[in-house]
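Engineer: need a structure here:
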Amino acid sequence: MATLTLVVDAEFRNRLREFPWVNWSEIAREEARKKLIFEDFMRKRELSDEDWRFCERLDWHPVDELPLKKGFIEKMRRISREKSIKVSSLAELFDELHH
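Structural biologist: Below is the predicted model of the structure:
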């Protein structure tokens with residue numbers, strides 16, 4: 001297996017050392033693979049079975065990295081402006097729905 005060395009400044013290295021239980025090498029491998037999968041997905045618009053299993057394991061998909069469509073953003077804005085009800089319990093919610 002090959003080795004890759006990343007150069008970071010001392011402040012960043014010290015921040016990483018605050019979390020000794022984190023496997024930073026594994027995180028770097030996963031993030032690099034996600035980048036490769038994303039770039040490949042953007043070209044082919046499909047995933048290999050191996051890449052699909054990797055994405056499922058992480059609960060991540062390349063489309064997660066795409067910007068939201070303007071139509072979707074507008075729909076969410078309209079929904080957020082609609083009248084809503086505030087309840088403090090499930091029972092109160094059902095009371096509101098029946099009135």
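Engineer: and Asp51, what does it touch?
Structural biologist: Counting by Cβ atoms under 8 Å, 6 or more residues apart in numbering, Asp51 makes contact with 37, 40-41. C-betas here are computed from N, CA, C, even on glycine.
Engineer: Point me to the helix or strand that includes it.
Structural biologist: helix 49-58 (DSSP states H and E).
Engineer: Report the backbone C-alpha coordinates of that helix in PDB.
Structural biologist: C-alpha atoms of helix 49-58 as PDB (Å, rounded to 0.1, in the frame of the first residue of the first chain):
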ATOM      1  CA  ASP A  49     -21.400  -1.800  -7.900                       C
ATOM      2  CA  GLU A  50     -18.300  -1.300  -5.700                       C
ATOM      3  CA  ASP A  51     -18.800   2.500  -5.600                       C
ATOM      4  CA  TRP A  52     -22.400   2.000  -4.800                       C
ATOM      5  CA  ARG A  53     -21.600  -0.300  -1.800                       C
ATOM      6  CA  PHE A  54     -19.100   2.300  -0.600                       C
ATOM      7  CA  CYS A  55     -21.700   5.100  -0.800                       C
ATOM      8  CA  GLU A  56     -24.300   3.000   1.000                       C
ATOM      9  CA  ARG A  57     -21.800   2.200   3.800                       C
ATOM     10  CA  LEU A  58     -21.300   6.000   4.300                       C
END
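Engineer: Counting by contacts, list what the helix or strand just after it packs against.
Structural biologist: Downstream of helix 49-58, the first helix or strand assigned by DSSP H and E is helix 70-81. Contacting helix 70-81 under the criterion 3 or more Cβ pairs under 8 Å, 6 or more residues apart in numbering; DSSP states H and E is no other helix or strand.
Engineer: Extract the C-alpha set from the following helix or strand past helix 70-81 and format it as PDB.
Structural biologist: With elements assigned by DSSP H and E, the helix or strand that comes after helix 70-81 is helix 90-98. C-alpha atoms of helix 90-98 as PDB (Å, rounded to 0.1, in the frame of the first residue of the first chain):
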ATOM      1  CA  LEU A  90     -48.700  14.800  19.900                       C
ATOM      2  CA  ALA A  91     -52.100  14.900  21.600                       C
ATOM      3  CA  GLU A  92     -52.300  18.700  20.900                       C
ATOM      4  CA  LEU A  93     -51.400  18.100  17.300                       C
ATOM      5  CA  PHE A  94     -54.300  15.600  16.900                       C
ATOM      6  CA  ASP A  95     -56.600  18.100  18.700                       C
ATOM      7  CA  GLU A  96     -55.600  20.800  16.200                       C
ATOM      8  CA  LEU A  97     -56.100  18.500  13.200                       C
ATOM      9  CA  HIS A  98     -59.700  17.500  14.300                       C
END
